[in-house]
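>>> sequence-free structure coming up:
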């Protein structure tokens, strides 16, 4: 679930930019490669790729700040 969500957020993979199975497959392969590079960078620099917070957490933070 996390990987699919990350793919949707980062690469916008929900809709294909191209027509045809070969082109769409290539787009998915490039998207997967991009996600892996982002994860490797986060691993090597010891920083999370993107902090995760639920909407409720963000709202609570805004109300207390």
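Yep, that arrived. Just so it is clear, the model here is predicted, and its values are computed rather than measured.

>>> the one helix or strand residue 36 maps to: which residues count as buried?
Taking DSSP states H and E as the definition, one finds residue 36 inside helix 21-45. Neighbour-count burial for helix 21-45 flags 31, 35 (criterion: 16 or more other Cβ atoms under 10 Å). For glycine as for every other residue, the C-beta is placed from the backbone atoms N, C-alpha and C.

>>> next secondary structure after that helix?
Counting by DSSP H and E, what follows helix 21-45 is helix 55-64.

>>> give the other helices and strands that that next one contacts.
Based on contacts counted as 3 or more Cβ pairs under 8 Å, 6 or more residues apart in numbering; DSSP states H and E, there is no element that helix 55-64 packs against.

>>> point out the other helices and strands that the helix-or-strand element of the chain with minimal mean pLDDT packs with.
Lowest mean confidence among the helices and strands of the chain (mean pLDDT, DSSP states H and E): helix 2-11, at a mean of 76. When contacts are defined as 3+ Cβ pairs under 8 Å, 6+ apart, helix 2-11 packs onto helix 21-45.

>>> packing partners for the helix it packs on?
Applying 3+ Cβ pairs under 8 Å, 6+ apart, one finds that helix 21-45 makes contact with helix 2-11.

>>> next, the angle helix 21-45 makes with the helix it packs on.
100 degrees (axes from the mean of the first three to the mean of the last three Cα atoms, to 10 degrees).
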